[in-house]
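Novice: Sequence first, then the predicted structure:
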Amino acid sequence: MLEIKNLTGKIENKVVLNNFNLTINDGEVHVIMGPNGVGKSTLTKIIMGDFNYEVVEGNIIYNGTNILKLKTDERARLGIFLAMQNPLEIDGVTNADFLRTALSSKNQKNVNLYEFIKKIDTAKQELMMPDEMVHRSVNKGFSGGEKKKNEILQMKILEPTFIMLDEIDSGVDVDALKIVGNNINMYRKKYPNASFLIITHYTHLLKYVKPDFVHVVKEGKIVKTGDYKLAKEIETNGFNFEKVVIEAFDGSEVSE
Ligand code: ADP
Ligand code: MG
């Protein structure tokens, strides 16, 4: 599905990814964990083709095609999808119009209106999203959790094959997280070849979506790979930084 080879990437002249390597096969779920600012979101932006990020070296091969020369919309047409950590608001464009335009652009033909309405109705119900949300401006005034659900709605409508979910669980309440998890699992059942790259700080979502691999990123590359147990270990012990003792609110000492 996706092969990232010796990727070195920069933002604003700062090297963020440094000789990064990762291979993701069809149908696999890979999880990336790592401290803030190590380049997790940068990786997703580079895969998606955000022109603010510079690729200094390396290759990204998607189903046999080197995608680095392709524009973002061309990558999206190939089935690459990114649910962003901070989804953008688009004032004046309704969710429904946005999705229909995106789908038409992806398929390179106008989508049948009746089929589109049916599709969006089903997706909305499966995500337990209220009707009105589909007719509001994209993400405008949405709460953090609602924005994340809206990213999953986009995934369900566009039906990509390589899906990156950047902190899809941040700001999402426990019930909504369950719905998001269930929808990811439903999607995997429907498209067993679809692969996922999930960036998270916690194991909450991984209780629903079973990862095949959990990777720890530090200093621009993967420094450790394991499975769900590694995610659990990180949740409990952190990333093995030097132990810092801080004072808790009740005056006791807490090791962090
Ligand atoms: P994270 O692992 O938390 O997702 P990011 O990939 O967002 O980290 O960021 C990696 C580093 O690049 C951070 O130090 C961040 O401050 C920096 N960075 C990201 N985007 C920009 C930008 N647009 N301009 C300058 N620095 C940036
Ligand atoms: Mg990030």
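Specialist: Structure's in. What do you need? Every value quoted in this text rests on a predicted model; they were computed, and no experiment measured them. Ligands and ions are numbered 1, 2, ... in the order given.
Novice: Where do the strands of the stretch 51-200 of the chain begin and end?
Specialist: All strands of the stretch 51-200 of the chain, identified by DSSP state E, counting those that start in this stretch, fall at 53-62, 65-66, 80-83, 90-94, 137-138, 162-166, 195-199.
Novice: Give me the packing partners of the fifth one, helices and strands only.
Specialist: Packing contacts for strand 137-138, counted by 3 or more C-beta pairs under 8 Å, 6 or more residues apart in numbering; DSSP states H and E, involve strand 90-94, helix 95-107. The C-beta positions use only the backbone N, C-alpha and C, and glycine is treated the same way.
Novice: The last one versus strand 90-94: what angle between them?
Specialist: To tie it back to what came earlier, the one meant is helix 95-107. 80 degrees (axes from the mean of the first three to the mean of the last three C-alpha atoms, to 10 degrees).
Novice: For Val216, identify the helix or strand it belongs to.
Specialist: Using DSSP states H and E, Val216 falls within strand 213-218.
Novice: could you measure the residue of the stretch 51-200 of the chain found nearest ligand 2 against Glu167, distance?
Specialist: Closest contact between the stretch 51-200 of the chain and ligand 2, by C-beta to the ion, is at Gln85 (4.7 Å). Using C-beta to C-beta, to the nearest Å, Gln85 is found at 5 Å from Glu167.
Novice: Need the overlap of contacts for these two.
Specialist: Counting by C-beta atoms under 8 Å, 6 or more residues apart in numbering, the contacts common to Gln85 and Glu167 are Ile199.
Novice: Show me which of the two is the more surrounded one.
Specialist: Glu167 (20 against 17; other C-beta atoms under 10 Å).
Novice: in the lengthiest helix in the chain, what counts as buried?
Specialist: Longest helix in the chain, counting residues (DSSP state H): helix 174-190. Of the residues in helix 174-190, Ala176, Leu177, Ile179, Val180, Gly181, Asn183, Ile184, Tyr187, Arg188 count as buried by neighbour count, 16 or more other C-beta atoms under 10 Å.
Novice: Can you list the neighbours in contact with that helix?
Specialist: 27, 29, 126-128, 145, 148-149, 152, 155-156, 165, 168-169, 172, 194, 196, 204-205, 207-209.
Novice: Tell me what angle it forms with strand 195-199.
Specialist: 160 degrees.
Novice: mean confidence score for helix 174-190?
Specialist: Helix 174-190 shows a mean pLDDT of 96.
Novice: give the contact list for the nearest residue to Arg100 once chain neighbours are set aside.
Specialist: Of all residues not flanking Arg100 in the chain, Phe116 sits nearest, at 5.6 Å (C-beta to C-beta, 6 or more residues apart in numbering). With contacts defined as C-beta under 8 Å, 6+ apart, the neighbours of Phe116 are Leu99, Arg100, Leu103.
Novice: where do the helices sit along the chain?
Specialist: Remark: helices assigned in the chain by DSSP H are 40-48, 72-77, 95-107, 113-126, 144-158, 174-190, 228-237.
Novice: For Thr200, which of the ones you listed is the nearest?
Specialist: helix 228-237 (7.9 Å; C-beta to C-beta).
Novice: got the angle between that closest one and strand 213-218?
Specialist: Angle of helix 228-237 versus strand 213-218, following the same axes, to 10 degrees, is 40 degrees.
Novice: Report the buried residues of helix 228-237.
Specialist: Tyr228, Leu230, Ala231, Glu233, Ile234.
Novice: With distance to ligand 1 as extra columns, can I get the residues you listed in TSV?
Specialist: Shown next, in TSV, are those (distance: C-beta to the nearest ligand atom, whole Å):
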residue	distance to ligand 1
Tyr228	21
Leu230	17
Ala231	16
Glu233	19
Ile234	14
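Novice: Next up, the contacts around the residue nearest the centre of the chain.
Specialist: The centroid of the chain falls nearest to Leu165 when counting by C-alpha atoms, centre = their mean (1.3 Å). With contacts defined as C-beta under 8 Å, 6+ apart, the neighbours of Leu165 are Ala83, Glu151, Ile184, Phe196, Leu197, Ile198, Ile199.
Novice: Perfect, I'm done here.
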